[in-house]
Every structure is written in C-alpha cells, then in structure tokens.
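J.: Provided below are the primary sequence and the corresponding predicted coordinates.
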Amino acid sequence: MEKTHCLPAAILSLAMTFPAAAYTHVGAVPENSREISVTQPGMKEDDGRTVSVLQFGARPDDGRDDTAALRKAAEYCRKHPGTTLTIPEGVYMLKDKEAERLEQEVMAGNMGPNPETVIFTPYYPYVRGLDFEGAENVTVRAGGAVLMCEGWMEAVSIIGCRNFRIEGLTVDYLRKPFSQGTIVEVTPESMLVRFRDGHTLTDATPFPRLMIWDSVKNGMFRDPIYFPEHRLEGDNLVRFMVSIPEYLEGEQAAVPHSFHFRPAIYIGGSSDVVIDNVTIHSQPGMGITGFDSKNITIHGLNVCPADGYSFSTNTDATHFACCEGSLVFDRCFFKGQGDDATNVHGYYHDIASVSEDGWITLELRAPTFTHSQTADVPRIGDTIEFTMTSTLVPEFTATVTDVMHEEKSTIVRIKTDKALPENREDCYIFNTSKLPSMEFSRNIVWGNLSRAVLSKTRNVRIHDNIFRGCTGTAIHVGAESWWKEGGHGIDVSITDNVIVNCGDGAGTQYGACGIAVVIDAPETCGTILHDGIEISRNVIRGCPGHEGCGIAVRNARNIRIHDNIIEECAENISTFCTENISIR
C-alpha cells in the first residue's frame, strides 16, 4: 500500500512553527609543554583507555587558554589507537597566535575586499586547532563542551583517520567571523545598520556580502547584496547604498568578512567517521567539509546561530566532495548559514594535454579549486567518464591504470586503459568511483541563503525533512558545468518532505521553490542526463505570489512524480526534455 498524506494542514502548521534547535598547518604543541601521565591505576598500556582533557591540564570556564592541554590530549589520541577522550561540560578557550594574526590581517583589509581569493587557495597555510591526523578507533566524547576559538582556524582536523567518532562538541568563535547589527533606518536609496561591538569596523574592513533576516518570511531575505557600496558614520554605524523594502527596518543584518576559508571540522582521507550531536555556531567558512573520505554518518548535527544571533557559518553548513561509500544525515538542524545545508559532488577535470606516451594531464579549473584546497587525485583502478563539456553527457568510461602527482601540485597525470577520443579538447574527465550514496532524512533546514540540499551524486534518498525559508530551491539535483561539479543524478528518491516559503531569491533553479532536477551546461536542448527519479508525497507551499513552479524536472528519463501537494505556485510542475515520465 502506498503511503498517503495525513492532515496536511497540521504538517504545514508544524513547518511554520517549529522551534530552533538547542543550543599546510601550523599550531603544533609547544616543545616545552609538560608531558602528563594519563595512565590510570590498574590500566595496562595496551588496554582500551578512557582519558580526560582535565588530565592534560585543561580547565573549563576559567577564561584561560586551554590550547596546549587540548592539543596534548589530541596528540595522545593519535599515538594510542582505541582511546576514548572525554571533554567535560564547559567552555574551553582555543587560541593560536597565527590564527589571530590571520583574523587581524583580514579585518585590517590586508587580504583585500574579498579575502577568499587569498586565504582559500591551494595549499594555503592554516592553523589546526585540535589535530587528530592518523588517529584510529578513537572516540571524542564531549557532552556539553564548547571550543571557543580565538583566531581563524580549522577547529577540528580529522585527516587520515579510521573509525573516528566525535560526540557532543560545540564549536564557536569568541569574535564572530561576521558582524551583525540592527537595521535602524531604511530610505529609498539606503539602509543604516548599527553593528554590535564585536569588531571595530574601518574603511578597510572587507564587506563582501550583506545578508538580512526577514521575520515576515521567517528566513533569509531573498536577495543578498555582494560587495555593497557603503560608508562608515561613526559609533559602528554603517550606511549601505542599497534599496530594500521598508518593512525590513528593525531586522538583523550581517556581513561575513570572508566567504570560504577552512571549515570548523575537516574530514579528509578518512573512513568510518561518525559526527554525533555536534553543534557549530559560527565559522569563517563552512561548518563541515569532507573530502576523499569513505562512510560518513552525521547524526543530530546542529549548524545554527548562537544565542542572540541570526546567522551561523559564513558559507555552506556542510560540503562533501570526492567521497565514497555512504553519506548519511539524520535528525540534523541547519539555520542561518550563508549557503547550502549540504552539497555533495565530484569534479569535472579539464584535459590540459596528452603526452606521446599516453599520460593525460588533468587540471581542475573550478572557480575556487577543490573545497579542501588539495588536489583531487584519482587512484589506480578508479572508473572515469569522458564527459562532453557542452552537454555533460558521458561518452564512454575507462579505468585508471597509472597516476602521477607531486606533493602540493594542482596538476594530476593519469593513464587509462582506453584511447582518448579525437575530440578530447571537448571532454571533461569525471571520476565516478568517488561518489557516495546519500541519505538525508528527518532533518530541518531553516532560513539559509541558497539551497538546502544540492545533490550531484547517485543512489540518493531524501525523505521526511522540513525545509523552510531558504532563498533558493529547497532540493536541487543537478550537475553544474560552471562550478565543475558533477555528476548527474541516477536513482534519486525525494519523498515525504515538507517545503514552505523557499525559492524566492538567490539559488532558485528554473523558478522551482520546492524541487529542481536540472543541469547547468552550455547545451541542454535535447539532452537526457538524469535517470531514475522519484518525487512523491511531498508537501510544497511557495511564498505568497510565487510566480514559478513547485517542481521542475529537465533533461531526465524514467521519472515518477506522484501524489505531491503543491500550493501558492503559479505552476505546479514544469518539465522540459524528458523521457518516460509519469505525473499524477
């Protein structure tokens, strides 16, 4: 028996009223740090061990720097597989001189009006807060512990780890990586914002984007303003020469002082990682970035503003590239982040050259390179697609037989078991072996900029979620040639979701407020790419007066769109260039 909707009005009411959720590296441990014994009475050196950061000298809630002690605890975990590290409840100060210097340089304008172009570049040096690189069979149990960061850093590094679990940790910044204030005046030509005292704003302070919380919509205002013209008027008052609706007077506005940087938690080259009931309140970049990793489970993650704030991470809440195995999101909460709740994809590489002996030189010409700022290196045995740059349609597949990559190089060379096509300059190479399955279930995404879920992978289940107040299309299944992010969707199921007041601004795809299955490529007319799409039993309500559609499906075959409830949209379902589609 097919599942049917019960009491849709009640479901929509829930979506309108649900509460917020609760609340090359530097920075090694100094050589003169005191070695602390953590062996407890009766503990053998090869026993599974439970240790506390208190044993290394960390003390919560005293306002003092806990960095050396916390790093010693992380070092112990790296050296002792099977460790459970406990971090008792309280606030721990995590600071680093290099991280503070970077923050100061950014705020002084020394990285330019768009710091991302400097600090988010291949192999740019950065600070790791807690470095667990190489740890195996380690659990970090941090019920109620807060890492309060001072200086811009990657708070937790999970690199080359196996069977790693982190529970109950909160990451936040003493000085938020954005400035937030109240809109105290709106005129036809400008708006005046009184910013809080967290930062001293100067004429050189970078203001790359202006975002506004819209209480009428109960989400992010539809139109962010990039590099807004502005002038300082003293006492942390800034006048922006932009036109906004008068009703936004009194609302909260925020300016992130950079777009991308390192994430709060980085998962790189790791396998079997569990993120359980972790909270991220702010980060000068993304919340969690996963790269070249396998089998990641994220349960109960909260990427949401700290008390008294309306905005969280500067960019995506989470982002996963070139991963494999399974990727699971369950019972997570996302609110107020500066981009998607998640984006899952691989990369389209350009063929830069081919040598006489068959070596193919790959270049990733994405606008910001990879999201880890390290090269995406195929492995021997990986399956790759030769994909047309104009349509993103795969021409044929091949197997990687050899790989060359020099450390810290952005260039990768490979050999394959098949000859290149004559039109190779018109082809991308896309690694299908680095695409995870994804399940995104029982989550809430509320009031972020752009989309909620951006899926460019295969074997996907998106079900039983609530999406509310996103400026872009709530669920976007797509391949994007401009970003060099793929691939197209195969075997994608989108069911039993509630979507309210989304798709009124930035990130909206083909006018769809709810769900868009589309491609971004130079040529789409006549192209069939996505395959095996189910969109069923979703409740979609557009913003009042929404002139677009609830669901858009383009360039796809074998599509089932059944039993959806769509309201407040000029058009329920829009289709283009489809084959074997069933709508009812």
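T.: Structure received.
J.: going forward, measure contacts and count neighbours with C-alpha atoms only.
T.: Noted.
J.: secondary structure element for residue 75?
T.: helix 67-79 (DSSP states H and E).
J.: how close does residue 82 get to residue 172?
T.: 28 Å (CA to CA, to the nearest Å).
J.: okay, those two: which has more neighbours?
T.: Higher neighbour count among residue 82 and residue 172: residue 172, with 25 against 20, using other CA atoms under 10 Å.
J.: just checking, that one touches residue 151?
T.: No: contact criterion CA atoms under 8 Å: residue 172 and residue 151 do not qualify, at 11.0 Å.
J.: and the longest strand for the chain?
T.: strand 539-562 (DSSP state E).
J.: Pull up the pairing partners for it, direction included.
T.: strand 498-500 (parallel), strand 512-520 (parallel), strand 530-536 (parallel), strand 565-583 (parallel) (DSSP bridges).
J.: Check those for me and report the most buried one.
T.: strand 512-520 (a mean of 29; mean count of other CA atoms under 10 Å).
J.: still on that earlier bit, out of the strands paired with strand 539-562, nearest to residue 365?
T.: Nearest to residue 365 among the strands paired with strand 539-562 is strand 512-520; the distance by CA to CA comes to 16.0 Å.
J.: what mean pLDDT does the closest one have?
T.: Per-residue pLDDT over strand 512-520 has a mean of 98.
J.: cool, stretch 437-448 as well?
T.: Rounded mean pLDDT across stretch 437-448 is 98.
J.: May I see the buried residues of the longest strand of the chain?
T.: Under the neighbour-count criterion of 16 or more other CA atoms under 10 Å, strand 539-562 has 539-543, 546-561 buried.
J.: what about the residue nearest to residue 155 when sequence neighbours are not counted, which SS state?
T.: Distances taken as CA to CA, 6 or more residues apart in numbering place residue 129 nearest to residue 155, at 4.4 Å, with adjacent residues excluded. Per DSSP: H, G, I helix; E, B strand; the rest coil, the local secondary structure of residue 129 is strand.
J.: Residue 129 contacts residue 150, doesn't it?
T.: No: applying CA under 8 Å as the test, residue 129 and residue 150 come out as separate, 10.0 Å apart.
J.: shared neighbours, those two?
T.: The contact sets of residue 129 and residue 150 overlap at 94, 95, 96 (CA atoms under 8 Å, 6 or more residues apart in numbering).
J.: residues touching the last one, list them.
T.: Listed by CA under 8 Å, 6+ apart, the contact partners of residue 96 are 27, 67, 127, 129, 150, 151.
J.: what do you get for the second one?
T.: For residue 95, the contacting residues are 65, 66, 67, 129, 149, 150, 151, taking CA under 8 Å, 6+ apart as the criterion.
J.: what about it, distance to residue 70?
T.: Residue 95 is 11 Å from residue 70, by CA to CA.
J.: Kindly report the same for the last one.
T.: Separation of residue 96 from residue 70 (CA to CA): 12 Å.
J.: ok, now which ones touch residue 374?
T.: 122, 123, 408, 410.
J.: same thing with residue 291?
T.: Applying CA under 8 Å, 6+ apart, the residues contacting residue 291 are 267, 268, 269, 320, 321, 322, 323, 371, 372.
J.: about what we covered before: what two of the contacts of residue 95 are the furthest from one another?
T.: 66 and 151 (14.0 Å).
J.: Run through the bridge partners of residue 463.
T.: residue 441, residue 495.
J.: Excluding sequence neighbours, find me the nearest residue to residue 351.
T.: residue 362 (5.0 Å).
J.: Can you give the contact residues for the helix or strand harbouring that neighbour?
T.: In the assignment (DSSP H and E), residue 362 maps to strand 360-363. Contact with strand 360-363 is made by 349, 350, 351, 352, 353, 354, 410, 411, 412, 413, 414, 415, as judged by CA under 8 Å, 6+ apart.
J.: Measure how buried residue 126 is and give me the count.
T.: So residue 126, with other CA under 10 Å, has 20 neighbours.
J.: need the contact list for residue 497.
T.: So residue 497 contacts 462, 463, 464, 465, 466, 467, 537, 538, 539 (CA under 8 Å, 6+ apart).
J.: nearest to residue 581, of those residues?
T.: residue 537 (16.3 Å).
J.: isn't that closest one right up against residue 493?
T.: No: using CA under 8 Å, residue 537 makes no contact with residue 493, being 10.9 Å away.
J.: list the residues that contact both of the two?
T.: Between them, residue 537 and residue 493 share no contacting residue, judged by CA under 8 Å, 6+ apart.
J.: beta partners for residue 334?
T.: Residues in beta-bridge contact with residue 334 (DSSP bridges): residue 303, residue 445.
J.: cool, and residue 490?
T.: Here residue 490, judged by DSSP bridges, has bridge partners residue 458, residue 531.
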